[in-house]
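J.: here is my input, please return the structure:
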Amino acid sequence: MRCPYCQFPDSKVLDSRPAHDGQEIRRRRECLACHRRFTSYERIEDLPLWIIKKSGQREAFDRGKILKGIMTACEKRPIALEQVENLVEDVERVLKDGHPREVSTRQIGELVMERLQQLDEVAYVRFASVYRQFTDIEGFRQELERLIHATRDDQS
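T.: The predicted structure follows:
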């Protein structure tokens, strides 16, 4: 594997172990030229998952977009990066386990919101404000009331 630092085409594997519930192999490598260490991941190539946007356009699934949206919602919250990565992996697993090759952005948004609500209510409201495109304070108020009622129902 090519070194990401010096581009030398060869490296040696120092450590190899399963990662992400056995779905990947994590390899710790060392460049044979510059001796810097780096990590690589090996995973089975999946059939592509296609996203159907609100406009009807289709694009390939990009977990980075979900990760970015969740990271923005979780900014300055006491949420570990590992928790966010686990949330994204969970959403991706649910989408792929459902076996459809196409899913709507609405389905993805609802899955993310459901999991964010369990993780952190403030991050949930932040995400909801963008996902549901609140244009005024009334949208926030309605979502907060729904969240408060759901929390009370869970505590009963």
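
J.: farthest from the middle of this protein: give me that residue.
T.: Each residue of the chain has a distance to the centre, and by CA atoms, centre = their mean the biggest one is for residue 33: 34.6 Å.

J.: do a quick rundown of the strands in the chain.
T.: Ranges of strands in the chain, per DSSP state E, are 11-19, 24-31, 37-43, 50-52, 58-60, 102-104.

J.: ok now do the residue farthest from the centre of the chain, which residues does it touch?
T.: Contacts here follow CB atoms under 8 Å, 6 or more residues apart in numbering; on that basis residue 33 touches 3, 6, 8, 10. C-beta here means a position set from N, CA and C on the backbone, and glycine is covered the same way.

J.: alpha carbons of the least confident helix or strand in the chain by mean pLDDT, as CSV, please.
T.: Least confident helix or strand of the chain, by mean pLDDT, DSSP states H and E, is helix 137-155 with a mean of 84. Only the C-alpha atoms of helix 137-155 are listed here, as CSV (Å, rounded to 0.1, in the frame of the first residue of the first chain):
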residue,chain,number,x,y,z
ILE,A,137,-39.6,30.3,15.8
GLU,A,138,-42.9,28.5,15.5
GLY,A,139,-41.3,25.5,13.9
PHE,A,140,-38.8,25.3,16.8
ARG,A,141,-41.6,25.6,19.3
GLN,A,142,-43.6,22.8,17.8
GLU,A,143,-40.6,20.5,17.6
LEU,A,144,-39.7,21.3,21.2
GLU,A,145,-43.3,20.6,22.4
ARG,A,146,-43.2,17.3,20.5
LEU,A,147,-39.9,16.4,22.1
ILE,A,148,-41.1,17.3,25.6
HIS,A,149,-44.3,15.2,25.2
ALA,A,150,-42.2,12.3,23.9
THR,A,151,-39.8,12.6,26.9
ARG,A,152,-42.7,12.7,29.3
ASP,A,153,-44.3,9.6,27.7
ASP,A,154,-41.0,7.7,28.0
GLN,A,155,-40.7,8.6,31.7
